[in-house]
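Participant: Sequence first, then the predicted structure, then my questions.
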Amino acid sequence: MPGLKKTLSIFSFSETQLRFIKYCLVFFTPVVIAYFILEMLVLNIPINYKVFGNYLNAHSQEIEIMGLGSSQMKCGFNPAFSDGIAINLSSTSQHHNEDFHILKGTKDRLPKLKYVLMEVSYNHLELPHHSSDYWKNTIYLNYYGVNAFERTTWYKDRLVYLSNAPFYSYKLMEYYVYGSSTVKLNEYGFDTNNYNGDFKKLNYDESKIATHKFKIITREDLDIFKKNTAYLFEMLDYAKAENLKVVVCALPLYKTYLKERNPNIVRRRDSVLRVIKNKYNNVILLNEEADTLNFTVNDFLNENHLNPDGAKKFTALVNSKLDSLN
């Protein structure tokens with residue numbers, strides 16, 4: 001019987017096996033090195049998530065207000081104009097389940113947190129939540145210290161470039177190769193130069209905007225509506241138990257978008273807002289969705305997102321609502 005040393009020795013491999021191992025090392029070593037170079041380059045891009053995380057860590061003992069939601073909230077609430085010390089952790093396509101993970105995952109680090117802005121926009125309650133393997137969970141884990149995977153994490157979960165290679169490849173080219181990014185992030189991670197949308201391209205000409213084609217979801221889904229509504233109530237129950245005051249927000253929409261909304265979706269959403277208003281004494285509604293007087297064409301990036309000028313106005317309305325809560 002061969003000894004243990006001989007059995008474990010590299011010399012116990014056949015010549016063919018050794019050759020295969022060498023080929024693997026020759027092939028995979030450059031790949032691994034190249035990947036980690038890409039990872040380091042991505043981590044050094046000044047994207048908003050990185051700024052959010054830095055601000056969260058630096059001001060955790062002071063933050064009083066947290067904004068949560070999708071791109072509408074991301075574009076609509078600028079903490080620079082908030083009366084209280086605020087952070088806006090909204091992001092594109094972020095849904096209530098990500099919002100809830102972020103809130104629960106950061107709450108204990110924010111001893112002065114008093115107010116939470118929650119978005120319940122037009123069809124928010126009839127869009128499916130993302131799965132527990134959503135690519136942004138890597139962002140939340142790396143930059144916010146929040147585990148949204150709903151399981152024990154492992155090393156791969158922290159690899160940012162691998163989480164969404166097409167997205168980050170574009171960001172790498174934009175930042176390092178072309179230098180074409182027009183983003184100007186303030187200390188809160190809000191893009192103060194976010195004007196380059198469809199409305200600017202159309203020179204804010206309302207006659208041209210009236211015929212401009214845009215994407216709007218009108219598909220109804222009652223099953224998703226029931227699940228999402230129950231989930232929203234769970235979030236509100238948590239906020240009440242944690243002595244948090246909540247502003248439930250529906251952000252402004254341009255008049256052409258308002259006309260194309262599915263009235264059934266609007267009716268169901270509004271019915272939920274009425275229940276919330278009657279059920280929760282720690283919640284106040286800020287429904288500016290159909291406000292076409294205070295928000296004009298020059299306040300919009302496109303049909304359903306505000307530009308920084310519109311965000312300044314909306315943030316002022318948030319300040320007024322918070323004053324009323326006090």
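Facilitator: Perfect, thanks for sending it. Quantities reported herein were computed from a predicted structural model and do not represent experimental measurements. Numbering: from 1, shown residues only.
Participant: if you skip the residues just before and after it, what's nearest to residue 80?
Facilitator: residue 186 (5.5 Å; C-beta to C-beta, 6 or more residues apart in numbering). Backbone N, C-alpha and C define where each C-beta goes, glycine included.
Participant: The one you found contacts residue 81, correct?
Facilitator: No - with contacts counted by C-beta atoms under 8 Å, residue 186 stays clear of residue 81, the gap being 10.3 Å.
Participant: Mind jotting down where the strands sit in this structure?
Facilitator: 65-67, 86-88, 115-119, 245-250, 283-287, 300-302, 305-306 (DSSP state E).
Participant: Deepest-packed of the ones you listed, please.
Facilitator: Mean neighbours per residue, mean count of other C-beta atoms under 10 Å, is largest over the strands of the chain for strand 305-306, with a mean of 28.
Participant: partners of that strand in the sheet?
Facilitator: strand 300-302 (antiparallel) (DSSP bridges).
Participant: Could you check how far the strand it pairs with is from the centre of its chain?
Facilitator: Counting by C-alpha atoms, centre = their mean, to the nearest Å, strand 300-302 is centred 18 Å from the centre of its parent chain.
Participant: Mind listing residues that contact that strand?
Facilitator: 75, 194-195, 197-200, 214, 252, 254, 306-307, 310 (C-beta atoms under 8 Å, 6 or more residues apart in numbering).
Participant: Recalculate using a threshold of 10 Å.
Facilitator: 71, 75-76, 194-202, 204, 209, 212, 214-215, 252-255, 257, 306-311 (C-beta atoms under 10 Å, 6 or more residues apart in numbering).
Participant: likewise stretch 214-221?
Facilitator: Here stretch 214-221 has contacts from 122-123, 125-128, 198, 227-228, 253-254, 256-257, 259-265, 268, 302-304, using C-beta under 10 Å, 6+ apart.
Participant: Any idea how far apart the tips of stretch 193-212 sit?
Facilitator: In stretch 193-212, first residue to last residue: 23 Å (C-alpha to C-alpha, to the nearest Å).
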